[in-house]
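Enquirer: I would like the atomic coordinates for the input below:
(one chain, ligands or ions: 1)
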Amino acid sequence: MSKQTVGLIGIGMMGAPMARNMAKAGFQVILCDVDTARARELAGEIGGEVAETPAALAGMTETVVTMLPNSAIVEAVLFGETGLASAAPKGLTVVEMSSGDPNATIGFGAKLAEQGVQLIDAPVSGGVPRAKAGTLTIMVGGDEAVFKAANPVLSSMGTATHVGILGAGQAMKALNNLVSAGGFLIGIEALLIGQKFGLDAGVMVDILNSSSGMNNSTKNKFKQYVLSRDFDAGGFALSLMAKDVGIAMNVAHATKTPAPFSAACADLWAAANNMLGQGADHTAITRMCETFAGFELEQSKEAAQ
Ligand code: NAD
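Expert: Numbers count the residues shown, from 1 in each chain. This next block holds a predicted model:
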């Protein structure tokens, strides 16, 4: 029996390990990326194929996954000159796994539906380590029957939960990252205040982690990537976090929900993105907080171990 095919557009930090896991689960994966050389290399590694453009991919499979930086790029990939929609047959399913803007995705869904193409959103949490392990948390929005049909593909990458209408997965994802981004920032400010008072930052992290102030950043990022002064958590760019927190604010505005604390958090991530530039890891926002404070957190040797 021939293998079931899946197309994947976007083979970056997340897309590449996701492709490996789809292949491992028995799917014939067809890769598409602006970096066609990388697509060819990865296809060679996983026994997959390459589509030169999204339009070419449209005729090669019934299911296409997108894992791209943002909704503007997704729009270009779907509706641009050589975009998927230009050649998409009726019945094609698009699974939009990027952390995109739910309102943009709802618009894409309506446009694709006009030509009989179904769209669901299925963004993920867990970062590169869990993309590699195939244990991502996947939040799905859209038609439940389309989700059920796509679930075998999603299951090769993690565990999927249906959370609501089209866009609901991306709203959930942005709100998750809002919580994560806020937890990171407040923790760094606490370390700076504590160090100025005379506390040891490493000891503070230990105490936080066995107290009610513990969060994912205090547990999994502060010693590893901040107090080590490594500022490279292995794959989640500052620009992506700033985008996600901005999307959460778009959702707040669209739902007319006052969120002043979140707005301050979003402004700080946007400022850090301007200040530290493209290519910076999200943990590098610490440097902006240190600039505000006028001193640096002390490097902890123990933290790097
Ligand atoms: P990335 O920048 O590493 O990869 C993006 C890929 O898309 C690259 O291979 C790039 O060449 C390709 N691409 C860009 N424009 C394209 C186009 N027009 N046509 C085809 N390919 C194009 O990004 P990433 O870290 O893999 O993140 C992808 C998505 O996953 C983002 O929406 C991000 O917010 C989300 N996400 C990332 C992480 C993480 O830890 N990196 C975690 C959860 C969710």
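
Enquirer: make it CA atoms for all contacts and neighbour counts henceforth
Expert: Will do.

Enquirer: for the stretch 1-150 of the chain, which residues are neighbours of the ligand?
Expert: By Cα under 6 Å from any ligand atom, the residues of the stretch 1-150 of the chain that approach the ligand are 9-15, 33-35, 67-70, 73, 77, 98-100, 124-125, 127-128.

Enquirer: of those, which belong to strands?
Expert: With strands taken from DSSP state E, the overlap with these comprises Ile9, Val124, Ser125.

Enquirer: wait, Ala39 touches Ala19, no?
Expert: No - proximity of Ala39 to Ala19 does not meet the contact threshold set by Cα atoms under 8 Å, at 10.5 Å.

Enquirer: name the nearest residue to the residue nearest the centre of the chain, sequence neighbours excluded.
Expert: For the chain, the residue nearest the mean C-alpha position is Ser99 (4.9 Å; Cα atoms, centre = their mean). Ranked by Cα to Cα, 6 or more residues apart in numbering and with sequence neighbours excluded, the top spatial neighbour of Ser99 is Pro123, at 5.4 Å.

Enquirer: quick one: contacts for that neighbour?
Expert: Glu96, Met97, Ser98, Ser99, Gly100, Ile138, Met139, Val140, Gly169, Gln170, Lys173 (Cα atoms under 8 Å, 6 or more residues apart in numbering).

Enquirer: rewinding a little: list only buried entries from the residues of the stretch 1-150 of the chain next to the ligand.
Expert: 9-15, 33, 67-69, 77, 98-100, 124-125, 127-128 (16 or more other Cα atoms under 10 Å).

Enquirer: near the ligand, which residues of the stretch 151-300 of the chain are found?
Expert: Gly235, Phe236, Leu240.

Enquirer: what's the closest non-adjacent residue to the last one?
Expert: Okay, so that is Leu240. Nearest to Leu240 is Pro69, by Cα to Cα, 6+ apart, at 7.3 Å.

Enquirer: where does pLDDT dip in the chain?
Expert: Low-confidence segments of the chain (pLDDT under 70): 1, 301-305.

Enquirer: ranges for the helices of it?
Expert: Taking DSSP state H as the criterion, the chain carries its helices at 15-24, 36-46, 54-58, 71-79, 102-113, 127-133, 144-155, 168-197, 201-209, 216-220, 238-254, 260-276, 285-293, 301-304.

Enquirer: so which of those is nearest Leu227?
Expert: Ranking these by their distance to Leu227 (criterion: Cα to Cα) puts helix 301-304 first, at 5.9 Å.

Enquirer: tally of neighbours for the closest residue to Gln170 other than its chain neighbours?
Expert: Among residues not flanking Gln170 along the chain, Pro102 sits closest, at 5.5 Å (Cα to Cα, 6+ apart). The number of residues packed near Pro102 is 26, by other Cα atoms under 10 Å.

Enquirer: show me what contacts the residue of the stretch 201-305 of the chain found nearest the ligand?
Expert: The ligand sits closest to Phe236 of the stretch 201-305 of the chain, with a gap of 3.8 Å, by Cα to the nearest ligand atom. Counting by Cα under 8 Å, 6+ apart, Phe236 touches Gly127, Val128, Asp281, His282.

Enquirer: what's the closest of those to Ala254?
Expert: Nearest to Ala254 out of these is His282 (Cα to Cα; 26.2 Å).

Enquirer: against Ala181, how distant is the closest residue to the closest one other than its chain neighbours?
Expert: Closest residue in space to His282, ignoring its immediate chain neighbours: Leu238 at 3.6 Å, by Cα to Cα, 6+ apart. Taking Cα to Cα, to the nearest Å as the measure, Leu238 and Ala181 are separated by 10 Å.

Enquirer: kindly report the same for Asp232.
Expert: Where Ala181 is concerned, Asp232 sits at a distance of 16 Å (Cα to Cα).

Enquirer: for Ala19, same thing?
Expert: Using Cα to Cα, one gets 27 Å for the distance from Ala19 to Ala181.

Enquirer: the more surrounded of these two?
Expert: Higher neighbour count among Ala19 and Ala181: Ala19, with 31 against 23, using other Cα under 10 Å.

Enquirer: that older thread, which residues touch the residue nearest to His282?
Expert: Contact analysis of Leu238 by Cα under 8 Å, 6+ apart lists Trp269, Ala272, Asn273, Gln278, Gly279, Ala280, Asp281, His282, Thr283, Ala284, Ile285.

Enquirer: among those, which pair sits farthest apart?
Expert: Most distant of the contacts of Leu238, by Cα to Cα, are Trp269 and Gly279, 14.3 Å apart.

Enquirer: what about those two, which has more around it?
Expert: Applying other Cα under 10 Å to Trp269 and Gly279 shows that Trp269 carries more neighbours, namely 27 against 12.

Enquirer: show me what contacts that one?
Expert: Leu238, Met241, Ala242, Val245, Ile285.
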